[in-house]
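Enquirer: Generate coordinates for the sequence data below:
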Amino acid sequence: MEIIFAERAKRDWDKLDNKIKNQIRKKLKFYLKSTNPLRFAEKLKDPKLGMYRFLIGDWRVIFDYLENKIYILRIAHRKDIYR
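Expert: Below is the predicted model:
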């Protein structure tokens, strides 16, 4: 399993403070160690943002899943992600 960050997700990541980054990094590692990381994800109704989301505390990680790779598209606080 591989994680690939889109440019927008890299910019989102760079804006986060280290405490939040560690929380998200730890949870993503946990999900990836699972045999099926999609069981922790929710399929999005509007595919314009992405196919799936992970809920990590008050943060949302929007991603696509193709060919055993997770393409992270956005990372943002729950109040801002869907705007």
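Enquirer: In terms of secondary structure, what does the one helix or strand Asn22 maps to contact?
Expert: Assigned by DSSP states H and E, Asn22 falls within helix 18-33. Applying 3 or more C-beta pairs under 8 Å, 6 or more residues apart in numbering; DSSP states H and E, we find helix 18-33 packed against strand 52-56, strand 59-66. Heads up, the C-betas are built off the backbone N, CA and C, glycines and all.
Enquirer: Turn those strands into a markdown table, including distance to Ile3, mean pLDDT and mean neighbour count.
Expert: Formatted as a markdown table, these follow (distance: least, C-beta to C-beta, whole Å; pLDDT from 0 to 100; neighbours: other C-beta atoms under 10 Å):
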| stretch | distance to Ile3 | mean pLDDT | mean neighbour count |
| --- | --- | --- | --- |
| strand 52-56 | 11 | 95 | 19 |
| strand 59-66 | 8 | 95 | 20 |
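Enquirer: Among the ones you listed, which comes closest to Asn18?
Expert: strand 59-66 (13.8 Å; C-beta to C-beta).
Enquirer: Strand partners (parallel or antiparallel) of the closest one?
Expert: If you go by DSSP bridges, strand 59-66 pairs up with strand 52-56 (antiparallel), strand 69-77 (antiparallel).
Enquirer: tell me the angle of the longest one relative to helix 18-33?
Expert: Looking back up the chat, that one is strand 69-77. 150 degrees (axes from the mean of the first three to the mean of the last three C-alpha atoms, to 10 degrees).
Enquirer: what's strand 69-77 in contact with?
Expert: 1-6, 8-9, 12-13, 16, 24, 32, 37, 49-50, 58-65, 81 (C-beta atoms under 8 Å, 6 or more residues apart in numbering).
Enquirer: redo that, cut-off 7 Å
Expert: 1-6, 8-9, 12-13, 24, 49-50, 58-64, 81 (C-beta atoms under 7 Å, 6 or more residues apart in numbering).
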